[in-house]
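Colleague: coords please:
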Amino acid sequence: MSEAAVTFLRKHGSQSLVSLGCGNWLNRLDNHIRLFVECGLKYYVAVDRVTEIDYSHDAVFTDRVTIDPLLKSYYFGKPERFFDNLHTFPNTFVEELTGIPCKIVICQRVLPFRHWEDVIKSMTPNLILQEDLNGCEKQTISGEQYKKTFPGIVHFKLQPFRPTRILPSEKNIILWRRRDFFPCHYDTKPWWNRLFFRLFWRKLPRCHY
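Modeller: Predicted coordinates for the structure are as follows:
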């Protein structure tokens, strides 16, 4: 299936959100949908080395009260169209997608000893979301190409993967933006403005896209 994934993304990568290491059962796609809709994408692509990737329409989202109306509005009253544009590619190693561009990368279920930073950067996505902390936090994306964006988390209304931290230093959600992509106007401000936003974001107006 790796060749099929490469072929598909070469053609549709500019309209795709790609979930790397999605596992054999798709769930908790709420934040993925928020990014998908806000960025006006068409295809959701799930990739993993497992032999089969499956999902249930009824179990794929956690907060259906929020997500169902969002998809209904996006697809003009036909939210089921999202599943028509959901493509799964099992038996596909992430490394095989090196250099294949896409708009958004979701990085999850990464083993602690596995590093995909170079692969992800080579895909040149506008945004990279990390939210499964079983090794995911080991992926260090920062550098000349990417930097963390807390204002972006607020703008897209992303929710933590786990509301309660297990460790005090644990980061429940990390969003990276490409340095030439600004999801929120606060991302263009000096560091002290961004610090002020991080401390008082609940009292400030929502970011403009």
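
Colleague: so where is the protein shaky, pLDDT-wise?
Modeller: Across the chain, the ranges flagged by pLDDT under 70 are 1, 109-112, 132-138, 161-171, 184-209.

Colleague: change it to 50
Modeller: Along the chain, segments meeting pLDDT under 50 span 192, 201, 203-204, 208-209.

Colleague: now the strands for it?
Modeller: In the chain, the strands defined using DSSP state E lie at 16-20, 43-47, 86-89, 104-107, 127-130, 146-148, 174-178.

Colleague: how about CSV for these, with mean neighbour count and distance to Pro79 added?
Modeller: Backbone N, C-alpha and C define where each C-beta goes, glycine included. Conversion of the strands of the chain to CSV gives the following (neighbours: other CB atoms under 10 Å; distance: least, CB to CB, whole Å):
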stretch, mean neighbour count, distance to Pro79
strand 16-20, 25, 16
strand 43-47, 25, 13
strand 86-89, 20, 12
strand 104-107, 26, 20
strand 127-130, 24, 21
strand 146-148, 17, 31
strand 174-178, 22, 25
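
Colleague: any chance of those in TSV, plus distance to Asp30?
Modeller: Written out in TSV, the entries for those read as follows (distance: least, CB to CB, whole Å):
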stretch	distance to Asp30
strand 16-20	13
strand 43-47	13
strand 86-89	15
strand 104-107	12
strand 127-130	11
strand 146-148	21
strand 174-178	14
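
Colleague: nearest to Val6, out of those?
Modeller: Ranking those by their distance to Val6 (criterion: CB to CB) puts strand 86-89 first, at 9.1 Å.
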